[in-house]
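[1] Provide a 3D model corresponding to the input given below.
(one chain, ligands or ions: 1)
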Amino acid sequence: MWAEFAHQAEFPPGGDEVIGACYRAVERMGKRNKGFARRLELVAGDRDMPTKHLVNLFFRAVQYMRFFEREEVDYPERFFDSREWEKELRLMMNGKMGESFFGILSQRDTGTTVYQRYAGPKAVLSALWPNRKLTLTDLGCGGNHGLPGLIAGERFKPVVDHTPETAVTKWIEKPIGFRLGLGVDKYDPYDPEMINWRIACSFYPSELAEMNEFLEFEKRVRKKGKEMFVLGDIMSLMSDGLTVRKYDAVILSTVLYQMSETERAAVLDGAVGLLKTDGVEIAQDFARKGEEGKSLVFEMSRPGFIFSL
Ligand SMILES: C[S@@+](CC[C@H](N)C(=O)[O-])C[C@H]1O[C@@H](n2cnc3c(N)ncnc32)[C@H](O)[C@@H]1O
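    Below is the predicted model:
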């Protein structure tokens, strides 16, 4: 775990320097503050989750504490400095706040939800079935933006497309038909506490300016989403709850990384049972962004494949 904090301090997600500074502070506190180190190691030991997910979750929990317990929704200049983060973290790890913080870290999963991640799955669907009314399920849908957004015809941001004749861009722009789009998650995306959690999860500090756009989007797709959501664990619902051999496609977007190897294999295997005979699984961990960290990038990378995601 400490090695992953060190790695992400150097190469923070999205190149976000504020997260990098926070992780540098965690690394230092891990060496100097035995109480903090022990508490964090206990949580890590109790949770059966990949280390990358735990480290990822750590910053989300910090952000949740800042937004909703300390009621501070921005990151002034000083948060580029890891010493400032040490002060902040010490405050958050104490007393009642510490209990909340470690409670979140012990129980929750990262709930980051990004509609743009569905651009790739949309391209696959429209390439395969330009004229079919599709029955789809999105396992681990988070805030359930994906299928309700696609059904409502919400547009995607531009992507960097290196595929022949910018095929992916054309597929992304083509409308597709729907019969049903069912989101599944173990958290209820419409529970106010989960909305707060999703807000804390869905932005790097450098992206906070996009929050209003995100909230507006949520408002637009909420009604459809509520009608097309099932609460539950993917594994249990696959054996009892979701209809077998019904779906044209099962989408797993940024969810497999949260699972152990065994769970991952079971989900990928089990999802096959939900598919029609010509159905497909679309698994994406993670959607790849360009160097500047802004746009998704699509390119030919493997001979024999039309494109890779
Ligand atoms: C990082 S979010 C991704 C949300 C959305 N698919 C996207 O790409 O924007 C992962 C979601 O998977 C859900 N999840 C993880 N494991 C799950 C499981 N075993 N059963 C149901 N949901 C699960 C989490 O609750 C979380 O909301």
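
[2] pLDDT value on the most centrally placed residue in the chain, please?
    Geometric centre of the chain, nearest residue: Thr112, 3.7 Å, by C-alpha atoms, centre = their mean. The confidence metric pLDDT takes the value 89 at Thr112.

[3] residues contacting it?
    Listed by C-beta atoms under 8 Å, 6 or more residues apart in numbering, the contact partners of Thr112 are 60, 142, 198, 201-202, 254. C-betas here are computed from N, CA, C, even on glycine.

[4] with Ser253 instead?
    Counting by C-beta under 8 Å, 6+ apart, Ser253 makes contact with 117-118, 121, 138, 140-141, 146, 282, 284, 287.

[5] cool, and Ala44?
    1, 51, 54.

[6] give me the pLDDT for the last one.
    The confidence metric pLDDT takes the value 95 at Leu54.

[7] please report how far it lies from Ser106.
    11 Å (C-beta to C-beta, to the nearest Å).

[8] what residues are shared contacts of these two?
    Joint contacts of Leu54 and Ser106 (C-beta under 8 Å, 6+ apart) are 43, 47.

[9] these two: who's more crowded?
    For Leu54 versus Ser106, the count of surrounding residues by other C-beta atoms under 10 Å is larger for Leu54: 18 against 13.

[10] show me the shaky parts of the stretch 1-150 of the chain.
    Within the stretch 1-150 of the chain, no stretch has pLDDT under 70.

[11] picking up where we left off before, mind picking the two most distant members of the contacts of Ser253?
    The span of the contacts of Ser253, defined through C-beta to C-beta, is set by Cys141 and Ala287 at 14.9 Å.

[12] so Val230, which of the three states?
    Under DSSP: H, G, I helix; E, B strand; the rest coil, Val230 falls in the strand class.

[13] that should have said Leu180, apologies.
    Going by three-state DSSP: Leu180 is strand.

[14] please apply the same query to Lys276.
    Lys276 ends up strand, using three-state DSSP.

[15] okay, it: pLDDT?
    The model reports Lys276 with a pLDDT of 97.

[16] ok so, going back, may I ask which of the contacts of Thr112 has the most neighbours?
    Gly142 (26 neighbours).

[17] any idea how far it is from Tyr247?
    In terms of C-beta to C-beta, Gly142 sits 19 Å off from Tyr247.

[18] hang on, isn't Glu41 packed against Lys34?
    No: Glu41 is not in contact with Lys34 according to C-beta atoms under 8 Å; the separation is 10.2 Å.

[19] so what's the residue count around Asn131?
    Neighbours around Asn131, by other C-beta under 10 Å: 7.

[20] got it, and Phe58?
    26.

[21] what's the closest non-adjacent residue to Ala61?
    Ile104 (4.3 Å; C-beta to C-beta, 6 or more residues apart in numbering).

[22] kindly apply the preceding question to Phe11 instead.
    Here the residue nearest Phe11, using C-beta to C-beta, 6+ apart, is Gly20, at 8.0 Å.

[23] coming back round to it: between Cys141 and Ala287, who's got more neighbours?
    More neighbours surround Cys141 than the other of Cys141 and Ala287, with 28 against 19 (other C-beta under 10 Å).

[24] how about the residues of the stretch 151-300 of the chain by the ligand?
    185-187, 233-235, 253-255, 258 (C-beta under 6 Å from any ligand atom).

[25] 8 Å instead, please
    Contact residues, the stretch 151-300 of the chain versus the ligand (C-beta under 8 Å from any ligand atom): 184-187, 189, 198, 201, 232-235, 237, 251-255, 257-259, 263, 267, 284, 287.

[26] just the buried members of the residues you listed?
    Among those, the ones that count as buried by 16 or more other C-beta atoms under 10 Å are 184-185, 187, 189, 198, 201, 234, 237, 251-255, 258-259, 267, 284, 287.

[27] so which of the residues of the stretch 151-300 of the chain next to the ligand are in strands?
    184-185, 251-253, 284 (DSSP state E).
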